[in-house]
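# have a look at this fold, sequence not included:
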């Protein structure tokens, strides 16, 4: 149980401060936005290790084999991606299931849509909302972070959609913080490994006040909200 508590507490301590910065448009160390997974993945490059003579020969053989395979399969039909009409139909079906609160069906349809169109920020937001309603916090966080990316497939994400996703990420992290604090309190003497849990409590309260103030502004009323 202590391991679970520490894992949740560590996650919240790391996440709460950057969320406030990202909500205000700030950047993390190194200039990477907390929610820009695509940008971060592009920025990370691993230099190839020097190849041995045997490895080089193996790579050459593999390249020749691949070339032969390419020639043989050049006339084979390519896998077709979904058309715009098919994607629109999938999204409509997913939205219908979502609005009717058929959440099992909605998850299946949104996941099917996102497998074909991973740049669909609206679908990521809706999928996050479904997991959020089910209190499946970590799946919701994953979906919201994808929705909150600054851009998808080279197209800027709509600011109001980003605001909703970022706001909901903050709500979930606050809930995880509260759960962690309650677990620490129940541990009693077992919580002695934590020298002082009060910073977590203070940061949780402070962030909640900032979120409350943010959600009460006119801009937040248009752009951010609960799922």
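That came through, no problem. All of these numbers come straight from a predicted model, not from anything done at the bench.

# show me where the protein has its helices.
Assignment of helices within the chain using DSSP state H yields the ranges 2-23, 37-43, 53-72, 84-99, 103-116, 121-133, 137-147, 159-187, 198-215, 218-223.

# so where is the chain shaky, pLDDT-wise?
1-80, 189-195, 197, 217-227 (pLDDT under 70).

# one more time with 80, if that's ok
1-81, 184-185, 187-198, 200-201, 214-227 (pLDDT under 80).

# ok, and the closest non-adjacent residue to residue 93?
residue 109 (5.3 Å; C-beta to C-beta, 6 or more residues apart in numbering). No exception for glycine: its C-beta is placed from N, CA and C like everyone else's.

# do residue 125 as well
Nearest one to residue 125, counting by C-beta to C-beta, 6+ apart, is residue 147 at 4.0 Å.

# swap in residue 122?
Per C-beta to C-beta, 6+ apart, closest to residue 122 is residue 161, 6.5 Å.

# and what of residue 155?
residue 119 (7.4 Å).

# state the number of residues packed around residue 101.
10 (other C-beta atoms under 10 Å).

# scratch that, residue 214
When neighbours are counted by other C-beta under 10 Å, residue 214 comes out with 18.

# equivalent analysis for residue 113, please.
So residue 113, with other C-beta under 10 Å, has 27 neighbours.
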